[in-house]
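Colleague: Please find the sequence and the predicted model below.
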Amino acid sequence: MLKALDHFYEQQEEPTKSCLLALRQYILNTDVELTEAWKYRMPFFCYKEKMFCYLWTDKKTQQPYIGIVDGNKLTHPLLIQDQRTRMKILYIDPKKDLPVKILRQIFKLAIALRIK
């Protein structure tokens, strides 16, 4: 039987499914302190047991994105806040390669925020 976390990925349609799975692997390989959890009915990643980021898809466009916890404290031109008070998001194009350089920059900022 699939866990809720695995079921989330399995129910996605391609190319979103492959994109989210690649993001999952990228995030987990970013730092040994990053772990995966199922919170608020979505895949969350924790850094040293503190909420760090999550994966989700836009309801209207179905485009996947990474939500950065406390993203409101980060400054990066590609992070979008919209109506969110605490989070900022980064949309990912599922038809392209992961923007590894951008992800590295944002995760470096987000990890530094968690270390403080």
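Modeller: That came through fine.
Colleague: can we go C-alpha only for contacts and neighbour counts from here?
Modeller: Noted.
Colleague: Help me confirm that Pro15 comes into contact with Lys95.
Modeller: Yes - contact status for Pro15 versus Lys95: in contact at 6.5 Å, counting by Cα atoms under 8 Å.
Colleague: Can you pick out the residue with more neighbours from those two?
Modeller: Pro15 (14 against 11; other Cα atoms under 10 Å).
Colleague: looking at this, Met51 is in a helix?
Modeller: No - per DSSP: H, G, I helix; E, B strand; the rest coil, Met51 lies outside any helix segment and is strand.
Colleague: Count the residues that sit near it.
Modeller: By the criterion of other Cα under 10 Å, Met51 has 19 neighbours.
Colleague: From Leu90, how far out is Leu103?
Modeller: 9 Å (Cα to Cα, to the nearest Å).
Colleague: what about the residue most central in space within the chain, distance to Leu28?
Modeller: The residue lying closest to the centre of the chain (Cα atoms, centre = their mean) is Ile66, at 3.0 Å. Noted for Ile66: a distance of 13 Å to Leu28, by Cα to Cα.
Colleague: What lies in contact with stretch 49-57?
Modeller: Applying Cα atoms under 8 Å, 6 or more residues apart in numbering, the external contacts of stretch 49-57 come out as 20, 35, 42-46, 63-69, 110-111, 114.
Colleague: Give me the mean pLDDT for it.
Modeller: When pLDDT is averaged along stretch 49-57, the result is 95.
Colleague: re earlier: got a quick PyMOL command for the buried subset of the contacts of stretch 49-57?
Modeller: Taking 16 or more other Cα atoms under 10 Å as the burial criterion, the selection of buried members of the contacts of stretch 49-57 in PyMOL is written as:
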select buried, resi 20+35+43+44+45+46+63+64+65+66+67+68+69+110+111
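Colleague: got any ranges where the chain has weak pLDDT?
Modeller: 1-2, 116 (pLDDT under 70).
Colleague: Tell me where it has helices.
Modeller: Taking DSSP state H as the test, the helices found in the chain are 4-10, 16-30, 100-115.
Colleague: helices and strands around the shortest one, which ones?
Modeller: Think helix 4-10. Packing contacts for helix 4-10, counted by 3 or more Cα pairs under 8 Å, 6 or more residues apart in numbering; DSSP states H and E, involve helix 16-30, strand 34-39, strand 42-47.
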